[in-house]
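Participant: The sequence isn't on hand, but the structure is:
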């Protein structure tokens, strides 16, 4: 009886060590993904980058809704001194063609319809076009998804694990739905 109790306690202790033993970089990655998947675009670095590029609040809110559709799976983690490499398979909405569609819509507008509009009215018109296009794409039953397997690299600086921006371009591309990739 004593052996059974001891074995059970050992098993519980081992499970506790395993569940609490996540690498700090993995924990940070999972916390970041929770923020992204929540659609809390105010805390999302990619959304902040999109905002800096000139996107308005309404368009960012539409993109935040798309963030809720991102799924991921951590495949493995490798740690070497001050670097942690998290191999991830991620699936996210594909909006990589939206920029071209927006340009096509803008160029198909009759210039006479824009005569007499102020610069701010024209800017608002463009923002509304972008917002409606993104919202339409994300709500469409034919929404396409991209799936990629890639590495997310974290580096340790001053005892803190942080993602390495230069090494995580695929992560940025996937979590911004391909909108920041101007090569497409």
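Facilitator: Looks like it came in fine. In this text, all values refer to a predicted model and were calculated from it rather than measured experimentally.
Participant: Does anything pack onto the longest helix anywhere in the chain? Which helices or strands?
Facilitator: Looking across the chain with DSSP state H, the single longest helix is helix 119-139. Applying 3 or more C-beta pairs under 8 Å, 6 or more residues apart in numbering; DSSP states H and E, we find helix 119-139 packed against helix 57-67, helix 98-107. To be clear about C-beta, it is placed using only N, CA and C from the backbone, and glycine gets the same treatment.
Participant: most neighbours per residue, which of these?
Facilitator: Mean neighbours per residue, mean count of other C-beta atoms under 10 Å, is largest over the helices and strands packed on helix 119-139 for helix 57-67, with a mean of 19.
Participant: Roughly how far does residue 171 sit from residue 106?
Facilitator: As defined by C-beta to C-beta, to the nearest Å, residue 171 lies at a distance of 30 Å from residue 106.
Participant: if we can go back for a sec, which one, of the helices and strands packed on helix 119-139, ends up nearest to residue 139?
Facilitator: Closest to residue 139 of those is helix 57-67 (C-beta to C-beta; 8.3 Å).
Participant: Beyond that closest one, next helix or strand please.
Facilitator: The helix or strand immediately downstream of helix 57-67 is strand 71-80, counting by DSSP states H and E.
Participant: Nearest to residue 129, out of the helices and strands packed on helix 119-139?
Facilitator: Using C-beta to C-beta, those put helix 98-107 closest to residue 129, at 5.7 Å.
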